[in-house]
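Peer 1: Next comes the sequence, and after it the predicted model I'd like to discuss.
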Amino acid sequence: MAVRIRLTRLGRKKKPFYRIVVADSECKRDGKFLDVLGTYDPLQDPVVVKVDNTKLEDWMGRGALPTTTVKSILKKITATE
């Protein structure tokens, strides 16, 4: 079972809002997940990203790999801090 850190979409049509979740790589995009790590709101100006760093480090330590999109989002928020 490969575990990935990825986005799941919420919100309504044309108004996306995402959760950053830990899920099995074979599950659907909006399907079952293991844990919620944070949120990503691309419609705010500036973009709002909230992440629980302790949970993120814990899951990365267990071997969860972020998708390319999540990796770029996390890279941007660490560069601004």
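Peer 2: Perfect, I can see it now. Since the model is a prediction, treat every value here as computed from it, not as a measurement.
Peer 1: didn't T69 look like it was pressed against L7?
Peer 2: Yes: when contacts are counted by C-beta atoms under 8 Å, T69 is listed as touching L7 (6.2 Å). (Each C-beta comes from the backbone N, C-alpha and C, glycine too.)
Peer 1: what helix or strand does G11 sit in?
Peer 2: Applying DSSP states H and E as the criterion places G11 in strand 3-12.
Peer 1: Tell me which strands that strand pairs with, and in which orientation.
Peer 2: Here strand 3-12 is paired, per DSSP bridges, with strand 15-24 (antiparallel), strand 65-66 (parallel).
Peer 1: Can you spell out which helices and strands pack onto the helix or strand following the first one?
Peer 2: From strand 15-24 onward toward the C-terminus, using DSSP H and E, the following helix or strand is strand 35-41. Judged by 3 or more C-beta pairs under 8 Å, 6 or more residues apart in numbering; DSSP states H and E, strand 35-41 is in contact with strand 15-24, strand 48-51, helix 53-61.
Peer 1: before we move on, back to that, nearest to D52, of the strands paired with strand 3-12?
Peer 2: For D52, the closest of those is strand 15-24, at 9.1 Å, according to C-beta to C-beta.
Peer 1: buried set for the closest one?
Peer 2: Neighbour counts over strand 15-24 (16 or more other C-beta atoms under 10 Å) mark 17-23 as buried.
Peer 1: And for it, what's in contact with it?
Peer 2: 1-11, 31-43, 51, 59, 64, 70, 73 (C-beta atoms under 8 Å, 6 or more residues apart in numbering).
Peer 1: Please compute how far that strand lies from its chain's middle.
Peer 2: Put simply, strand 15-24 sits 5 Å off its chain's centre (C-alpha atoms, centre = their mean, to the nearest Å).
Peer 1: Same question for stretch 44-58.
Peer 2: 8 Å.
Peer 1: What residues of it count as buried?
Peer 2: Applying 16+ other C-beta under 10 Å to stretch 44-58 flags 49, 51, 55-56 as buried.
Peer 1: ok, and what's touching it?
Peer 2: Contacts of stretch 44-58 (C-beta under 8 Å, 6+ apart): 5, 20, 35, 37-41, 73-74, 76-77.
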